[in-house]
Structure formats: C-alpha cells, structure tokens
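Colleague: structure, please.
(2 chains)
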2 protein chains.
Amino acid sequence: MTPDQRLVRGARSRKAITRHAVDVASVTGLNGLSLGKLADDLGLSKSGVAALFRTKEQLQLATVETAREAFLDAVVRPASDAPPGVTRLRVLIERWISYAEQPLFPGGCFWAANLPEFDSRPGPIRDALRRQHQAWLALLADEVRHATDAGEITDPDPDLAAFRIGAVLTAANIAMRLDEPDVANKVRRLLEDFLG
Amino acid sequence: MTPDQRLVRGARSRKAITRHAVDVASVTGLNGLSLGKLADDLGLSKSGVAALFRTKEQLQLATVETAREAFLDAVVRPASDAPPGVTRLRVLIERWISYAEQPLFPGGCFWAANLPEFDSRPGPIRDALRRQHQAWLALLADEVRHATDAGEITDPDPDLAAFRIGAVLTAANIAMRLDEPDVANKVRRLLEDFLG
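Modeller: I've put the predicted structure just below:
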C-alpha cells in the first residue's frame, strides 16, 4: 500500500471504530469505553486500535465528535431545507423526537447519557460536550430569533425560549427511556403551545 | 453488646455508609460504587461493610433510598407547611433550585446523574429510580391540580404541566453543572411565566 492508501484505510477504521464507540457510550457512558473491548467487538487487533487512538481520552474525544456528526446528519442538516423560523423549528423538533424515539444511538440521546457523567470532571471531554450542548441551544435560539423577527411568534428572550425547548426535549428522552406512555405527543403539545 | 445494641449500631453504620455512597454516586454514578472503596473512605473494614449490604446491588438500592430521603428532607418536607397550590409549588421550585445550586450532593441532582446510566438497564435499580422520578412528577402534578381547583391558574392538564416544570428543573441542573451563568433566574422567569 502507498502512504495515501494507508491514510485512507486508517481514516475508515477510525470512523468505523468511533461509530461503534458512540453506540457503546450511549448505553454505558464514555467511561465504559475501552480500546481492547472495541477491538474485540469489531474483530480488530488491540494494537491496531491503540495505534489509531493512542489514549482512552483521544478515543473518547473522537467518539464525542462522531456523535456530533451523526446528530447533525439526523437532526440539524435535514432541517436546513426548511425556511428559517417556526417552520424550521418544527422540523428540528420532529427530527429530534425521531432521534430519541427510534433511537439513533441504542442508549438514546448521547449527551443526556454523557453530560451528567462529565459535568463534574473538568477536562477536554467536558469542554467538548459543553461546546456541543451550547451549539445546540444557540441553534434553537437563532431560529427563535428568526421567528420573532418575522413576527411569527412574540418572544422577548430567544435564549430563554431555547432553554425551554431544550429542556422539554431532554426530559422527553428520559421519559422515553423509562417507557412512559405518549411522550412524543406530550412534547408536541408543550411546544405547539409555544410555537402555535 | 446486647442484640438490640448491635442492631442499632448496624443501622447507624448502614446510614453513614449509604449517605457517603449517595455523594460518591452523584459524581461517579451508582456503578462507580464499591464496597471496598466505601470501607476505605470511611475507615471501616471491608468485611464489616460487606456483611451489612451483601451485594453491590443491595448497596446501590440502599443508596437510592437514602438519596430519596435526603431529597425529601431538603425539598419536599419543607414545602409541606406552605398552603397547597401555587404557593407550595413556588416553595418546591425554590427548594429545588437551592438543592441543585448548593448542591445537596457534590455531583448535583442524584437522579440526573443516575437515570441516564440505568434507564437502559432493566432491573431493580432502574425500577427504584423510575418510581422516585414518577413520584416527584406526581407530586408536582398534585400541586398544579390544587392550583387549578382553587382557580389560581388555568391549566388543562396537570400531568403535562408537571412534565414541563420537571423538564426545566432538570435542564437547570445540567446548566449549573456546566457553569452557565444566571441559571436560577432563567428557571424563575420560565416558571413564573407559567405560575404568575
């Protein structure tokens, strides 16, 4: 193989490993990840996996980044075709419900599973999770701002509105994982009340 | 020692151990508990601690129950002097903010730290956490019902209102752990909007 081919193969392996790591971490948390266990699961050599990530923390950070990409593909990017404001907010909310309900990751929302574990542990993983959480709320706030500017809703504080929407969605994820009935409709009723 | 004295001493030790275990589990999660580590932390013999709890699962269940008692003392019981309805809801919300802000447990809300870890794992611990989560929402729904009956607020669905209040409080706990600014006031503004 040429160096270029090796690079491509390395990048593909990294992607396959971190995508599986996201699934594992959505159930057991990022601390449940181990280079050896992932190698076993995927039929790879432990030394090969270790060469790609070096440390557990590097693996965890790559996993967090892969989760973000999967979330963008499932929830955020499909909404970008919708006009900004209330219409796009509705698409984002429906996509989020599908994301938690289907779910994209076997343990449900990746951030709900991992923020509580890392929010008390300063370091690059907490920083990455925090940045992603803030980006999601900022995205919602932007759409609320569009909706307000277009006169679709009257809301004095887009950040507060985003906090509220995010809170309802996070609570919905927990309720779904606990097999509470009719969660998606609860979310729709609460948010339509606000958007309608 | 008489058998009675031994029983009393055993109960005291259990209480001291589980109270420490709640603090540990609020940071590391219930899976981070170990009989040996708790014995070390408290200067007890591992065999003595093992005799009191027998299995890790028994220790985890006793820890969940101790967390519930501490939460009742900090949040629920102080509100029982307030008249039911909106006044009591306000006391519950303020008590909850203090509980998350101070915080009562070093890792913040015990349920926020542990529900995501156990919601995908059927068994007695998930059942206990789920019961406690439901009891909290039922308590909020009862007070919304009182408030509606007394004509203090007009809300068609107390369960939906409780879901909403619980969602905002849970999101506030995460935001506080992530050192976001001004969280308590966000919560007050969102909930006053609803209660006012």
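Colleague: which ones are touching the residue nearest the centre of chain A?
Modeller: The C-alpha lying nearest the average C-alpha coordinate of chain A belongs to A:Phe71 (CA atoms, centre = their mean; 4.5 Å). By CB atoms under 8 Å, 6 or more residues apart in numbering or on different chains, the contact list for A:Phe71 reads A:99, A:104, A:110. For every residue, glycine as well, the C-beta is placed using N, CA and C.
Colleague: what about A:Ala162, distance to A:Thr87?
Modeller: Distance, A:Ala162 to A:Thr87, using CB to CB, to the nearest Å: 17 Å.
Colleague: what residues does chain A have near chain B?
Modeller: A:27, A:29, A:106-108, A:112-117, A:119-120, A:126, A:130, A:133, A:157, A:160, A:163-164, A:166-168, A:170-172, A:174-175, A:177-178, A:186, A:189-190 (CB under 8 Å from any CB of the partner chain).
Colleague: which of those residues fall within helices?
Modeller: A:27, A:112-117, A:126, A:130, A:133, A:160, A:163-164, A:166-168, A:170-172, A:174-175, A:177, A:186, A:189-190 (DSSP state H).
Colleague: in ChimeraX, select just the buried ones from those.
Modeller: In ChimeraX, this line selects whichever of these come out buried by 16 or more other CB atoms under 10 Å in any protein chain shown:
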select /A:27,112,113,114,115,116,117,126,130,133,160,163,164,166,167,168,170,171,172,174,175,177,186,189,190
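Colleague: thinking again about what came up before, out of the contacts of A:Phe71, which is most surrounded?
Modeller: When neighbours are counted by other CB atoms under 10 Å in any protein chain shown, A:Phe110 leads the contacts of A:Phe71 with 27 neighbours.
Colleague: for that one, phi and psi?
Modeller: phi -60, psi -40 (degrees, to the nearest 10).
Colleague: with A:Asp155 instead?
Modeller: With angles defined as degrees, to the nearest 10, A:Asp155 sits at phi -140, psi 130.
Colleague: again with A:Thr55
Modeller: Main-chain dihedrals, A:Thr55, degrees, to the nearest 10: phi -120, psi 160.
Colleague: roughly how far does it sit from chain B?
Modeller: According to CB to the nearest CB, to the nearest Å, A:Thr55 and chain B sit 20 Å apart.
Colleague: what about that residue, distance to A:Ala62?
Modeller: 11 Å.
Colleague: cool, and A:Leu140?
Modeller: On the measure of CB to CB, A:Leu140 and A:Ala62 end up 26 Å apart.
Colleague: neighbour count: these two, which is higher?
Modeller: A:Leu140 (23 against 18).
Colleague: phi, psi of the more buried one?
Modeller: According to degrees, to the nearest 10, A:Leu140 has phi -60, psi -40.
Colleague: give the closest residue to it in space, chain neighbours not counted.
Modeller: In space, A:Leu140 comes closest to A:Ala162 once its chain neighbours are excluded; the distance is 3.8 Å by CB to CB, 6 or more residues apart in numbering or on different chains.
Colleague: the one you found: neighbouring residues, count only.
Modeller: When neighbours are counted by other CB under 10 Å, A:Ala162 registers 22.
Colleague: which residues touch it?
Modeller: Neighbours of A:Ala162 in contact, by CB under 8 Å, 6+ apart: A:137-138, A:140-141, A:144.
Colleague: and with 6 Å instead?
Modeller: If you count contacts by CB atoms under 6 Å, 6 or more residues apart in numbering or on different chains, A:Ala162 has them with A:137, A:140-141, A:144.
Colleague: for A:Gly29, same thing?
Modeller: Contacts of A:Gly29 by CB under 6 Å, 6+ apart are A:114, A:117.
Colleague: mind running it again at 7 Å?
Modeller: A:113-114, A:117, B:117 (CB atoms under 7 Å, 6 or more residues apart in numbering or on different chains).
Colleague: next up, phi/psi of it, please.
Modeller: Torsion angles, degrees, to the nearest 10, at A:Gly29: phi 90, psi 160.
Colleague: how close does it get to B:Glu117?
Modeller: Distance of A:Gly29 to B:Glu117, computed by CB to CB: 6 Å.
Colleague: kindly report the same for A:Ile17.
Modeller: 23 Å.
Colleague: neighbours around A:Ser98, how many?
Modeller: Neighbours of A:Ser98 using other CB under 10 Å come to 15.
Colleague: skipping adjacent residues, who's closest to it in space?
Modeller: Distances taken as CB to CB, 6+ apart place A:Ala74 nearest to A:Ser98, at 7.6 Å, with adjacent residues excluded.
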